[in-house]
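# no letters, just coordinates:
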């Protein structure tokens, strides 16, 4: 699954040591919303690189977790799970940067959209039906 491929997230152009909240969100194929957020402080140069800057307490996670904004995604609907039905289409991940660390997001400073694909080009899907076994075999190119 390409969904687990590392994603480099960095924010430039912030003020020195500026406090920001990053939020990711996506909707599954049924339209249910999943979100995660983390609080950060930019470096002295106004840059924030999630591979080097730990998340501060108060968000969905804390500590040095470069992929935390993906693995910490939580459903808005209780007990809902993020399950991909159609692996041929990507999830659309929204990334937003907000000013400050308040309970309510501050001013929106930046946003981006990222497609999280599941299959590399050339991967073949082979349905498996043997007795009571139902599966899908994914073969590399």
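Yep, it's here. For clarity, every value in this text was computed on a predicted model and none was experimentally measured. Numbering: from 1, shown residues only.
# what's around the closest residue to residue 140 other than its chain neighbours, how many residues?
Sequence neighbours aside, residue 123 is the residue nearest to residue 140 in space, at 6.1 Å (criterion: C-beta to C-beta, 6 or more residues apart in numbering). Heads up, the C-betas are built off the backbone N, CA and C, glycines and all. Burial of residue 123 is recorded as 14 neighbouring residues (other C-beta atoms under 10 Å).
# try residue 126
9.
# the residue nearest to residue 140 touches residue 136, doesn't it?
No: the pair residue 123 / residue 136 is not scored as a contact, 10.9 Å apart, by C-beta atoms under 8 Å.
# the helices in the chain, which residues?
Here the chain has its helices, by DSSP state H, at 68-71.
# most centrally placed residue in it?
When C-alpha atoms, centre = their mean is applied to the chain, the residue found nearest the centroid is residue 70 (2.9 Å).
# I'd say that one and residue 7 touch.
Yes: with contact defined as C-beta under 8 Å, residue 70 counts as touching residue 7 (6.6 Å).
# between those two, which contacts overlap?
Residues touching both residue 70 and residue 7 (C-beta atoms under 8 Å, 6 or more residues apart in numbering) are residue 116.
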